[in-house]
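Peer 1: 3D model of this:
(one chain, ligands or ions: 2)
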Amino acid sequence: MSAASGMPRLSWEQARESAYAAAGVLPTTRVELSAAVGRVLAEPVVALCEVPHYASSAMDGWAVRGPGPWVLRAAARDAPALEAGEARAIVTGGLIPEGADAVLRSEVGDVVSGGSDATGRRLLRSSVTPWIGQHIRPRGEEFGRGEVGIDAGARLNPAHIAVAAACGVDEVAVRARARVSLVFTGDEVVTHGIPAPGTVRDSFGPQLPAFVELLGAEVAGQTRIGDDHGALVRALSTEASAHDVIITTGGTGDSSADHLRGALDRLGAHVLIDGVAMRPGGPSIMARLDDGRLLIGLPGNPLAAMMGLLTLAAPVLAALADTGLPELSRVRLGAPVAAGRGETRLIPFRLVGSQAEPSTYTGSAMLRGLADASGVLVCVNSGSAVGDEVEFVPLPWVR
Ligand SMILES: Nc1nc2c(c(=O)[nH]1)N[C@H]1C(S)=C(S)[C@@H](COP(=O)(O)OP(=O)(O)OC[C@H]3O[C@@H](n4cnc5c(N)ncnc54)[C@H](O)[C@@H]3O)O[C@H]1N2
Ligand code: MOO
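Peer 2: Numbers count the residues shown, from 1 in each chain. Ligands and ions are numbered 1, 2, ... in the order given. Okay, here's the model as predicted:
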């Protein structure tokens, strides 16, 4: 049982699923191509024109019709179609003139010295007879007009953006990125330098925004307050009110310095998750504020907070962005994991060869295990032996 509310702690699996189920999909949004890398496409990109949209030359040289020699025509706008035995200079990417059936590369053709035949026309000669279509990029060879260029659901990479541009598209519909407000609490937290005994160096301010962004959201606000009920109520009710989700750090306990529960109570919030049967991160909280927004309360201990983030915030942000409950992977253990005390143990591990070596730095304030980790093992309460296959949570910065 959670000490404060009497609500039962959820299992780790239930907590992830409840967090995912609690959030509804945000409306999709349209963004310019230049801002779309990394976003998830909500609607397919359809070619608005054929790609390429005109037949073009793949080489510098001459557009020709039929076998040579060819009479060289001036390259002019609105020039008439090429007749058999005629050629016109062309550059790479140039529009193939009407009537042309191939391009002769500049390296294999000669404009005859003296430059003319009996009638004074310049002639192009070559030992090569180009085959029909040679060095011509046909119109529509990559995409037909109306063809799907990129499927919905793709995470857009730079090459996708180039495809969309070639398809004549200026904006794409992407899944929304939740706007997150961060509220850091703690009188003892210092943000610079070496902390004095009794104070702690802030481990959240410099990395939590980036971590949240790696989870597919956008940090829209950050507030830092002391251990103060009124300040927390104000921060939750006003400063953060414009955003989709609020994530707080610290103050999840029941001591006189912990104000999250009191603030949630004061704001009439509905606590959805009050504690998760996991270690570290057990005191993590999730609540719905009276206007419907979700709040995730992470414990103050640094590793505990990161585990709360992966367990509750990652599913919420994924649900808002409609990207599916984050998948778990599996790995074989290279060392045993001791039984828990009635809860799931989340243990950072390093992949050594093909096996997981659990970190020995598992204390809820310890960070070095996670810093070097390949992922976070989800260890069942009964413990696991060498060679057992165990689920793990992938880390968004590990590829
Ligand atoms: N009597 C009990 N005490 C505690 C229990 C319990 O069940 N009974 N649970 C422990 C567990 S588990 C955790 S986790 C923590 C949760 O603490 P809070 O969420 O209330 O967080 P704080 O008390 O504010 O801070 C805990 C710890 O974290 C440090 N902290 C806070 N903010 C930062 C920061 N920005 N950067 C670095 N470190 C931070 C803070 O100084 C404390 O050392 O409660 C246990 N206690
Ligand atoms: O959740 Mo606490 O992290 O066990 O210290």
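Peer 1: hang on, isn't E188 packed against P197?
Peer 2: No: using C-beta atoms under 8 Å, E188 is not in contact with P197, being 10.3 Å away. No exception for glycine: its C-beta is placed from N, CA and C like everyone else's.
Peer 1: overlap in contacts, these two.
Peer 2: With contacts defined as C-beta atoms under 8 Å, 6 or more residues apart in numbering, no residue is shared by E188 and P197.
Peer 1: these two: which is more packed in?
Peer 2: E188 (15 against 5; other C-beta atoms under 10 Å).
Peer 1: how about the closest residue to the more buried one other than its chain neighbours, what does it touch?
Peer 2: Residue nearest to E188 in three dimensions, not counting chain neighbours: T199, with 4.9 Å by C-beta to C-beta, 6 or more residues apart in numbering. T199 sits next to E188, V189, V190 when contact means C-beta under 8 Å, 6+ apart.
Peer 1: give me the local confidence score for the first one.
Peer 2: Going back to what we said before, that points to E188. Note for E188: predicted pLDDT of 95.
Peer 1: helices of the chain, start to end?
Peer 2: For the chain, the helices defined by DSSP state H cover 12-22, 158-166, 208-214, 229-234, 260-266, 302-308, 314-321, 368-371.
Peer 1: out of these, which one sits most buried?
Peer 2: helix 302-308 (a mean of 27; mean count of other C-beta atoms under 10 Å).
Peer 1: which elements pack onto that helix?
Peer 2: With contacts taken as 3 or more C-beta pairs under 8 Å, 6 or more residues apart in numbering; DSSP states H and E, helix 302-308 sits against strand 294-298, helix 368-371.
Peer 1: circling back: now the contacts of T199 in JSON lines, with distance to ligand 1?
Peer 2: Formatted as JSON lines, these follow (distance: C-beta to the nearest ligand atom, whole Å):
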{"residue": "E188", "distance to ligand 1": "5"}
{"residue": "V189", "distance to ligand 1": "4"}
{"residue": "V190", "distance to ligand 1": "9"}
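Peer 1: in strands only, show me those.
Peer 2: V189, V190 (DSSP state E).
Peer 1: circling back to that earlier point, turn the helices and strands packed on helix 302-308 into CSV, columns for distance to ligand 2 and mean pLDDT.
Peer 2: As requested, the helices and strands packed on helix 302-308 are arranged in CSV below (distance: least, C-beta to the nearest ligand atom, whole Å; pLDDT from 0 to 100):
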stretch, distance to ligand 2, mean pLDDT
strand 294-298, 10, 97
helix 368-371, 12, 96
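Peer 1: now the ones you listed as a markdown table including distance to E213?
Peer 2: Below are the helices and strands packed on helix 302-308 laid out as a markdown table (distance: least, C-beta to C-beta, whole Å):
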| stretch | distance to E213 |
| --- | --- |
| strand 294-298 | 16 |
| helix 368-371 | 18 |
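Peer 1: how about the closest residue to ligand 1 within the chain, nearest residue that isn't a chain neighbour?
Peer 2: In the chain, the residue that lies nearest ligand 1 is G300 (2.4 Å; C-beta to the nearest ligand atom). Distances taken as C-beta to C-beta, 6+ apart put G250 closest to G300, at 3.4 Å, once the chain neighbours are dropped.
Peer 1: if I look at E98, how far off is M286?
Peer 2: Here the criterion is C-beta to C-beta, to the nearest Å. By it, E98 lies 67 Å from M286.
Peer 1: so does stretch 230-247 get close to ligand 1?
Peer 2: No: applying C-beta under 6 Å from any ligand atom, one finds stretch 230-247 out of contact with ligand 1, separated by at least 11.4 Å.
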